[in-house]
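Trainee: with the sequence up front, the predicted model follows.
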Amino acid sequence: MTPQAPDLFSDAGPAHPERLPPAFPDRAAWGTVPRLRAWQQAALDRYRETQPRDFLTVATPGAGKTSFALTLAAELVNRRVVSQVVVVAPTEHLKTQWAEAAARIGLAIDPAFGTRQGATSTEFQGFALTYAGVAVNPNALRIRVERTKSLVILDEIHHAGDARSWGESVREAFDPAARRLMLTGTPFRSDTNPIPFVRYEHDGAGQLRSQADYSYGYAEALADHIVRPVLFMAYSGDMSWRTRAGDEVAARLGQPMTKDLAAQALRTALDPKGSWIPAVLQAADTRLSEVRNHVPDAGGLVIATDQTSARAYAAILKRITGQDPTVVLSDEPGSSGRISAFSAGDDRWMVAVRMVSEGVDVPRLAVGVYATTTMTPLFFAQAVGRFVRARSRGETASVFVPSIATLLGYAAEMELQRDHALKPPTRTEEIELDPLDEDRVENEPDADELGEFTALTSEADFDRVLFEGGEYGLGSASGSADEADYLGLPGLLEADQVRDLLRRRQAEQVARGSTRAPDPEPRTTHGQLRELRKELNGLVAAWHHRTGQPHGVIHNSLRETCGGPPTAAADAAQLQSRIDRLRQWAVTRAS
């Protein structure tokens, strides 16, 4: 006979007549029931009050959605409301992560479950599978869920919208479930496909928006010291590439340009054969060294576009550090084990494509490099979420990003809470997506959309630091003393200390810039142009801080006034003309 489970919670309900798997046969088998954070307890209390069939929890990455979900699962099993727990996760690694977390509170979840197998061992109280696994045989899962009262935990539920077949399979398989708990920590994409089991209501502006039953945003978690503040280190630089037609194009990251050009400039910057990505990786490693002076096991993560780039970045990091970084490629055996080993160790760097972009828990990650062409707000939030989990007061995260307007916009809006907006069905599905369209879900833009091109040269310049919606820094060359001032921020600081120190660094840079004379005789044309671009960008940054105008607007105004091409393609006379005009604006404003 199966032992009766002890009452772990005060609101025990009536026993269900069917056999209960041995969830908590004795107190020693419970494991450690987690002490709930305030938001987790509030969400649990709301669930207890309403006892809904469907419950959507939106909580920022790193807030502790897994602990909340498993605590609720244990309660429902213990009260015999359900007798089986089914976890659906985005990746194979996350299945194991869920099973290990459940084991710590005495709940046995089978992470090796397959839809084609027979009954699982009676020692398990449930099983875990991926969204792709659900799509393999949703009818078999439906039968299991119909036969046994089940709680279905849909982790990162937005993945049910990754493919139409996935959403249909999730709905088919779990429609009969007794209870469904949906979790997400990132903004849903805007599209025409509703996410299964999510409630939508009109927002008064002609759109249907998802309605969370409980929300806990990044700003709230930051105030509660559950997540770390994030410093975004933005890097610009001059790029040149050759198009399929044989034309050579020059552009500067951070300058106004079409989305097609921005996509090609970004791909040029991320080319491992150029100078941009090695300089940024060097800067990120310098930052990691500073953080490790205060947090010895702090680690770094580079998120790459594809496997070829990931391996090339790993080779660059080995030259910089003298150590082999951990490389995680989702289709290689042992990837999950490498993530776990990195998480438990103290190695400096891990390089991955998409496998570590969401849900994977590596709390010691403190420095990141966003080196991917994926530009959706969904993916960006997932990626940044890998660095925000706080372990102790004063820890900060540093994420290095290209100076692309789209990414800088996402960084500035970190604290905004988004809901899933359903676009009305139109003919837009027939329109080709722009390479940097925020609703794009592919790993990288298609070659046909961008046009084949050959990356020629790339150079990196430190652009600015974004923190709590503010911008700091006047721009400087990679490897300069000004850049070192920002990379050398202490690794343990409270948010207000970070803000004060950034303001001080900027004031010092402004003071130095007002007295520093430019190099009177650059030795080469290349050196002369680089010095002029550096001076112009510093003045533009200073004008931005004085007027609040975006950098791109200032550059556009200078081009309209002085004429000429974008900064990256301007000659010395055109650059000097813009510098003189900006200085004239400053004098006029001061008078």
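Mentor: Yes, it's here.
Trainee: tell me which residues of the strand or helix carrying Arg581 are tucked away?
Mentor: For Arg581, the element it lies in under DSSP states H and E is helix 572-590. For helix 572-590, the neighbour count (16 or more other Cβ atoms under 10 Å) marks Gln574, Leu575, Ser577, Arg578, Ile579, Leu582, Trp585 as buried. Yep, even glycine has a C-beta here, placed from its N, CA and C like the rest.
Trainee: so the third one sits against Cys562, correct?
Mentor: Yes: shown here, Ser577 and Cys562 form a contact pair, counting by Cβ atoms under 8 Å, at 4.5 Å.
Trainee: now the common contact residues for the two.
Mentor: The overlap between the contact sets of Ser577 and Cys562 (Cβ atoms under 8 Å, 6 or more residues apart in numbering) is empty.
Trainee: name the helix or strand of this protein that has the lowest mean pLDDT.
Mentor: When the helices and strands of the chain are compared on mean pLDDT, DSSP states H and E, helix 447-450 comes out lowest with a mean of 40.
Trainee: after it, which helix or strand is next?
Mentor: strand 453-458.
Trainee: could you report the pLDDT at Ala310?
Mentor: Predicted confidence (pLDDT) for Ala310: 95.
Trainee: can you tell me how far it is from Asp496?
Mentor: Distance, Ala310 to Asp496, using Cβ to Cβ, to the nearest Å: 37 Å.
Trainee: tell me which of these two has more neighbours.
Mentor: Neighbours per residue, other Cβ atoms under 10 Å: of Ala310 and Asp496, the larger number sits with Ala310, 23 against 10.
Trainee: can you give me the helices for the stretch 251-400 of the chain?
Mentor: Using DSSP state H, counting those that start in this stretch, the helices of the stretch 251-400 of the chain run over residues 259-269, 276-292, 307-321, 335-344, 377-384.
Trainee: output the second one as CSV, nothing but the C-alphas.
Mentor: The C-alpha coordinates for helix 276-292 follow below in CSV (Å, rounded to 0.1, in the frame of the first residue of the first chain):
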residue,chain,number,x,y,z
TRP,A,276,36.0,44.3,-33.9
ILE,A,277,35.1,41.0,-32.2
PRO,A,278,38.7,40.3,-30.9
ALA,A,279,38.8,43.8,-29.4
VAL,A,280,35.4,43.4,-27.7
LEU,A,281,36.4,39.9,-26.4
GLN,A,282,39.6,41.4,-25.0
ALA,A,283,37.6,44.2,-23.3
ALA,A,284,35.1,41.7,-21.9
ASP,A,285,37.9,39.5,-20.5
THR,A,286,39.5,42.6,-18.9
ARG,A,287,36.1,43.3,-17.3
LEU,A,288,35.8,39.7,-16.1
SER,A,289,39.2,39.9,-14.5
GLU,A,290,38.1,43.0,-12.6
VAL,A,291,34.9,41.2,-11.4
ARG,A,292,36.9,38.1,-10.4
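Trainee: I'd guessed Gln528 sits against Ala573; true?
Mentor: No: with contact defined as Cβ under 8 Å, Gln528 and Ala573 do not form a contacting pair (11.1 Å).
Trainee: scan this structure for its longest strand.
Mentor: strand 230-243 (DSSP state E).
Trainee: what residues sit buried inside it?
Mentor: Using 16+ other Cβ under 10 Å as the test for burial, strand 230-243 gives Val230, Leu231, Phe232, Met233, Ala234, Tyr235, Ser236, Gly237, Asp238, Met239, Ser240, Trp241.
Trainee: among the residues you listed, which one lies nearest to Arg504?
Mentor: Taking Cβ to Cβ as the measure, Arg504 lies nearest Leu231 of the buried residues of strand 230-243, at 14.7 Å.
Trainee: got a list of what the closest one touches?
Mentor: Contacts of Leu231 (Cβ under 8 Å, 6+ apart): Thr396, Ala397, Ser398, Val399, Val465, Leu466, Phe467, Leu489, Val498.
Trainee: okay, the angle between the longest strand of the chain and helix 276-292?
Mentor: 170 degrees (axes from the mean of the first three to the mean of the last three Cα atoms, to 10 degrees).
Trainee: partner strands of strand 230-243, with direction?
Mentor: strand 248-253 (antiparallel), strand 397-402 (parallel), strand 453-458 (antiparallel), strand 461-467 (antiparallel) (DSSP bridges).
Trainee: including mean pLDDT, could these go into JSON lines?
Mentor: Formatted as JSON lines, the strands paired with strand 230-243 follow (pLDDT from 0 to 100):
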{"stretch": "strand 248-253", "mean pLDDT": "84"}
{"stretch": "strand 397-402", "mean pLDDT": "96"}
{"stretch": "strand 453-458", "mean pLDDT": "86"}
{"stretch": "strand 461-467", "mean pLDDT": "91"}
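Trainee: got those strands as CSV, with mean neighbour count and distance to Thr372 columns?
Mentor: Converted to CSV, the strands paired with strand 230-243 look like this (neighbours: other Cβ atoms under 10 Å; distance: least, Cβ to Cβ, whole Å):
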stretch, mean neighbour count, distance to Thr372
strand 248-253, 20, 15
strand 397-402, 25, 10
strand 453-458, 18, 16
strand 461-467, 25, 18
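Trainee: can I get the ones you listed in CSV including distance to Val58?
Mentor: Formatted as CSV, the strands paired with strand 230-243 follow (distance: least, Cβ to Cβ, whole Å):
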stretch, distance to Val58
strand 248-253, 33
strand 397-402, 21
strand 453-458, 38
strand 461-467, 24
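Trainee: from Gln506, how far out is the nearest residue to Leu502 once chain neighbours are set aside?
Mentor: In this structure, Leu502 finds its nearest non-sequential neighbour in Tyr472, 4.2 Å apart by Cβ to Cβ, 6 or more residues apart in numbering. Distance from Tyr472 to Gln506, counting by Cβ to Cβ: 5 Å.
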